[in-house]
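> 3D, please:
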Amino acid sequence: MVNTKFTKDELMQFCAEVHADDGQVRRTTSHKQSVDYHQEQLAKQIHIALEEVFLSEIQDPLLEGVQIKEVRPIEGSSNMLVSLITEEDEAEGRLKTVRTYIRTLIASKINRKKVPDLKFVVINHK
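Modelled structure (predicted):
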């Protein structure tokens, strides 16, 4: 492994003033940023899987016109908030009954050890 630490004279070639942290490699991302990145990636995977599920695998007339507006993590990666747009008033009640079925369908489509719990928010569009 190559040593990348410079001497004071070598650093003076690159800058006018030498500071205590010059010549040290800094991390560009923190642990919190990487956790947020993974949660956002999971939200994207779930969004794509939900689109497939609502288009092809759920044959419920109340849920046929459902559009997925947003999927975002809440309370860590164990819960996802799914915002849906529909014209049906009874769609929210139906989603509560088929929520676990939708979760099992998503589990078969994404590569995760544990699938997060889905919380649906329905926006009526008339």
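
> quick one: contacts for residue 84?
With contact set as CB atoms under 8 Å, 6 or more residues apart in numbering, residue 84 has these partners: 66, 67, 68, 69, 91, 95, 120, 121, 122, 123. For the C-beta atoms, the positions are set from N, CA and C on the backbone; glycine is no exception.

> who does the host helix or strand of it pair up with?
Element membership for residue 84, per DSSP states H and E: strand 79-86. If you go by DSSP bridges, strand 79-86 pairs up with strand 67-74 (antiparallel), strand 117-124 (parallel).

> Tell me which residues of the last one come out buried.
It stands for strand 117-124. 118, 120, 122 (16 or more other CB atoms under 10 Å).

> do the same with stretch 66-75
66, 68, 71, 73.

> Touching, the second one and residue 82? I think so.
Yes. In this structure, residue 68 is within contact of residue 82 by CB atoms under 8 Å, at 6.8 Å.

> Check the contact lists of those two and give me the overlap.
Contacts common to residue 68 and residue 82, judged by CB under 8 Å, 6+ apart, are residue 50.
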